[in-house]
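Have a look; sequence and predicted model below, questions after that.
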Amino acid sequence: MNLAKNSGAHILSNSWGYGSSVPNLFPNIVDAIEDAVMNGRNGKGCIVVFAAGNTANQIGNDKGIITFPSNVNVEGVLTVWASDRYDQQANYSPTSNVSSSFNQIIDIVAPSHRAYSCQIPTETFEVWTMDIPGNDGYNPVKNTDCGVLPLTNSALPMSGTNYSSYTGYFG
């Protein structure tokens, strides 16, 4: 947070967390977030966004929890919920719980994949994006997502200019 803020970042987009619902779990992280929100962009404040966490299994009736630091008690921090290709809540994305005292509120939605293959075996990370070209990239699939990603059409797209610079296995 501090490095991004001090380097002049306007928007701090975060997809990391600790798996705990305690909103102010680590005071030093809370202080860094608060400093970015209040003092970033030469005193205008940075826009700080956190992914809610991947704690749910909606088809298994587990609504999940919004994890720290996405549930931090700092005014202005945005918490993001994942939607799938059908514009529905992603299976792994936690549900808001307004009655919780642990700041379990979703502020905004962004597209992602539907589920992990250990939750729905036929699912893949069907979001197309730029990849790291060459052996360091993810196209074709080089690892799993807690299940076994289907290898069918793992190189997406299959042809065209710089086709191996894209992947359909991010969410």
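Happy to help now that I have it.

So for stretch 24-32, mean pLDDT?
The pLDDT scores in stretch 24-32 average 96.

For the remainder of this discussion, apply numbering that starts at 59.
Happy to do that; since the first residue is 59 now, the last one works out to stretch 82-90.

List the buried residues of that stretch.
Across stretch 82-90, burial judged by 16 or more other CB atoms under 10 Å covers Asn82, Leu83, Val88, Ala90. All C-beta spots, glycine's among them, are computed from the backbone N, C-alpha and C.

could you pull out the strands for the protein?
Listed in chain order, the strands of the chain (DSSP state E) span 69-72, 105-109, 136-141, 166-169, 185-188, 224-228.

Tell me which of those strands approaches Pro179 most closely.
Across the strands of the chain, Pro179 has its closest neighbour in strand 224-228 (15.5 Å, CB to CB).

Now that closest one: average pLDDT?
Here strand 224-228 scores 70 as its mean pLDDT.

quick revisit: can you redo the strands of the chain as TSV with distance to Gly218 and mean neighbour count?
Below are the strands of the chain laid out as TSV (distance: least, CB to CB, whole Å; neighbours: other CB atoms under 10 Å):
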stretch	distance to Gly218	mean neighbour count
strand 69-72	29	15
strand 105-109	31	21
strand 136-141	28	20
strand 166-169	23	12
strand 185-188	13	14
strand 224-228	9	20
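
Output those in a markdown table; the columns should cover distance to Ala62.
Listed next are those as a markdown table, based on distance: least, CB to CB, whole Å:
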| stretch | distance to Ala62 |
| --- | --- |
| strand 69-72 | 5 |
| strand 105-109 | 9 |
| strand 136-141 | 15 |
| strand 166-169 | 19 |
| strand 185-188 | 21 |
| strand 224-228 | 21 |
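
Would you mind telling me which of the ones you listed is nearest Asp203?
Between Asp203 and the strands of the chain, the tightest spacing by CB to CB is seen for strand 224-228, at 8.4 Å.

Ok, which of the strands of the chain comes nearest Gly205?
Across the strands of the chain, closest to Gly205 is strand 224-228 (CB to CB), at 12.8 Å.
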